[in-house]
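>>> based on what follows, work out the 3D shape:
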Amino acid sequence: MSKSYEQKRVRISSKRQFTIPQKFFIELGFDKEAICSVKDGALIVIPSRYISSGEFAEEILSDLVREGFSGEELIKEFKSRQAQIRPAIESLLKSAKEAAEGNGEYYSYDDIFSSEED
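Below is the predicted model:
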């Protein structure tokens with residue numbers, strides 16, 4: 001069974017801005033940022049929550065506690081490291097896209113998983 005398809009026409013301002021219809025905004029859970037990409041001639045706009053660093057919060061905190069951080073220093077360092085997650089993921093995605101297009105460095109399965117003895 002396929003999901004229903006709904007569309008709405010929106011105006012684009014002279015500054016290349018448009019408003020996401022409220023129903024879509026709420027239904028999809030948009031907040032203050034969106035991720036825009038182009039695929040097969042279509043503009044895709046998704047809520048940035050799908051690419052977030054929140055999934056790594058527990059791991060970051062565990063590392064910081066193990067490293068001896070606490071109190072205000074823990075909070076400060078947590079914010080600093082959490083802010084590094086998104087750029088790192090975006091860089092990895094960019095590298096993967098370049099490799100998939102044959103324009104970037106890539107490694108084969110054997111490069112990664114074979115032993116140096118082979």
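>>> so for stretch 69-76, mean pLDDT?
Averaging pLDDT along stretch 69-76 yields 88.
>>> please identify the buried residues of that stretch?
Neighbour-count burial for stretch 69-76 flags residue 69 (criterion: 16 or more other CB atoms under 10 Å). Backbone N, C-alpha and C define where each C-beta goes, glycine included.
>>> longest helix of this structure?
Longest helix in the chain by number of residues, with DSSP state H as the criterion: helix 71-100.
>>> helices or strands up against that one?
With contacts defined as 3 or more CB pairs under 8 Å, 6 or more residues apart in numbering; DSSP states H and E, helix 71-100 has these neighbours: helix 57-66.
>>> what does the helix it packs on rub up against?
74, 77, 78, 81, 82, 85 (CB atoms under 8 Å, 6 or more residues apart in numbering).
>>> out of those residues, the closest to residue 20 would be?
Distance to residue 20, by CB to CB, is smallest for residue 85 among the contacts of helix 57-66, at 25.2 Å.
>>> these two touch, right, that closest one and residue 79?
No: applying CB atoms under 8 Å, one finds residue 85 not in contact with residue 79, separated by 11.2 Å.
>>> show the low-confidence segments of the chain, by residue range.
1-4, 49-55, 116-118 (pLDDT under 70).
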